[in-house]
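**Q** got a sequence here, can you build the structure:
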Amino acid sequence: MPRSYTRLTLDDAKRMLAASEAAALRIGLPYNIAIVDAGGNLVAFVRQDGALIGSIDLAICKARTARLFDKTTAELAHLAQPNGPLFGIAQSNEGKVVIFGGGLPVRIAGSIVGAVGASAGSVEQDEEVARAALDAIEAAQGLSSILAKQATAR
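**A** Next comes the predicted model:
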């Protein structure tokens, strides 16, 4: 029997980017924001006008790191401290592992389907911008669930 799975769609990624861009606007900084799929491959990316060029790769790598290890990049930063269980992880994967905040795994229906990465401000600001993307996808999931229940009730 074929297995079904939930995946991150381009429409999901666009919704997430829009929410993150709005958060960046509230913060007052132009941002680089990346969305990757379950394989860590780029689905969508935005570089707001004036966003730091050096943050382009950081946003993409934060998203990819969060997906590869299914943890927030802030959590990995904690685990990668000297004498920590993941000390040295930043040198893995051809040195493209980013271990400071701003990368978050994305879950749909309990499964990790991708990740978001944001870069341009402080760690706290990067996490706020990335969190806005998760809030948007979670809101969309809630709406989908309500609509599905209404459809089956008919």
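
**Q** contact partners for residue 105?
**A** 66, 67, 70, 71, 72, 112, 114, 115 (C-beta atoms under 8 Å, 6 or more residues apart in numbering). (Each C-beta comes from the backbone N, C-alpha and C, glycine too.)

**Q** now do the strands in this structure.
**A** Remark: strands assigned in the chain by DSSP state E are 32-37, 42-47, 103-108, 111-119.

**Q** now the protein, which segments are flagged as low pLDDT?
**A** 1-5, 142-154 (pLDDT under 70).

**Q** can you rerun that using 90?
**A** In the predicted model of the chain, residues 1-7, 88, 91-96, 108-110, 138-154 satisfy pLDDT under 90.

**Q** quick one: contacts for the residue positioned nearest the centre of the chain?
**A** By C-alpha atoms, centre = their mean, the mean C-alpha position of the chain lies nearest to residue 116, the distance being 1.3 Å. Neighbouring residues of residue 116 by C-beta under 8 Å, 6+ apart: 16, 20, 33-36, 63, 66, 103-104, 106, 130, 133-134.

**Q** again with residue 120
**A** Residue 120 neighbours (C-beta under 8 Å, 6+ apart): 24, 29, 30, 31, 32, 51, 52, 55, 59, 126, 129.

**Q** cool, thanks, signing off.
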